[in-house]
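Visitor: Sharing a sequence plus its predicted fold:
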Amino acid sequence: MALRFDAGRLCLDLLATSHPGERLDSVGALCAWIAEVGLVPAGTGLAHADESWIVQFREVRESVGRLVRHGGGSVSYGTALGRINEVALGVPPAPRAVRHDDGRLVRELAAPPGPAALLALLARDAVELLTDPVARAALRECEGDNCPLLYLDTSRGRRRRWCSSEACGNRERVARHRRRAALTRA
């Protein structure tokens, strides 16, 4: 099962790792997610990752969730904002261009990334989302039953209703069909 839900922003992709259940439940799952969302170039070794990474990524995920789901003013919002701003101060991993065997240039990281560097990328993405009024206006929560996923609605006319037309959208269409069929039988 793919760990990534493409919500339109890395920080929102991180939020999606808690639905339908905890998806960052092992170091391997976290490393796979990091690679899937492109936080590191393909082939980047993350063998140095450990259980502490999971805790740190979940903490940042919780802070991002508080910030995008709730308005300001509460103590938890202020704490989450402080945490994201603190994490955003970290130095993101430094990329470099390296000549591949076939002669083309590929992106690699100058050194193996630590969790602080990767989390800085996610926190900076959250800061960008929170401070960009256009992006904030496009932020939507899925209208599917029991689906808490958030995404940026970049559809024409801004009429997207579900995180996924294939999943939540299809469930809604099937339920609507069943309701209509039940009414015609009654």
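Guide: Great, that's in hand.

Visitor: got the phi/psi numbers for Arg23?
Guide: Phi and psi for Arg23, reported as degrees, to the nearest 10, are phi -100, psi -20.

Visitor: who touches the nearest residue to it once chain neighbours are set aside in this structure?
Guide: Distances taken as C-beta to C-beta, 6 or more residues apart in numbering put Thr17 closest to Arg23, at 4.4 Å, once the chain neighbours are dropped. C-beta here means a position set from N, CA and C on the backbone, and glycine is covered the same way. For Thr17, the contact set (C-beta atoms under 8 Å, 6 or more residues apart in numbering) comprises Leu3, Arg23, Leu24, Trp33, Arg61.

Visitor: Residue ranges in this protein under the pLDDT threshold?
Guide: Within the chain, the segments meeting pLDDT under 70 span 1-4, 71-73, 165-166, 169, 177, 186.

Visitor: residue ranges of the strands in it, please?
Guide: Ranges of strands within the chain are 95-99, 105-109, 139-141, 150-152, based on DSSP state E.

Visitor: which of those strands sits most buried?
Guide: Of all these, strand 150-152 carries the top mean neighbour count, a mean of 22, counting by mean count of other C-beta atoms under 10 Å.

Visitor: strand partners of that strand, parallel vs antiparallel please.
Guide: Take DSSP bridges as the rule and strand 150-152 pairs in its sheet with strand 139-141 (antiparallel).

Visitor: returning to what we had before: keep only those of the contacts of Thr17 that are in helices.
Guide: The helices, defined by DSSP state H, take in Trp33, Arg61 from the contacts of Thr17.

Visitor: Now the two most distant members of the contacts of Thr17.
Guide: Largest separation among the contacts of Thr17 by C-beta to C-beta: Leu3 and Arg61, giving 12.9 Å.

Visitor: nearest spatial neighbour of Pro148, skipping sequence neighbours?
Guide: Distances taken as C-beta to C-beta, 6+ apart put His19 closest to Pro148, at 5.9 Å, once the chain neighbours are dropped.

Visitor: Against Glu141, how distant is the one you found?
Guide: Using C-beta to C-beta, to the nearest Å, we find His19 at a distance of 12 Å from Glu141.
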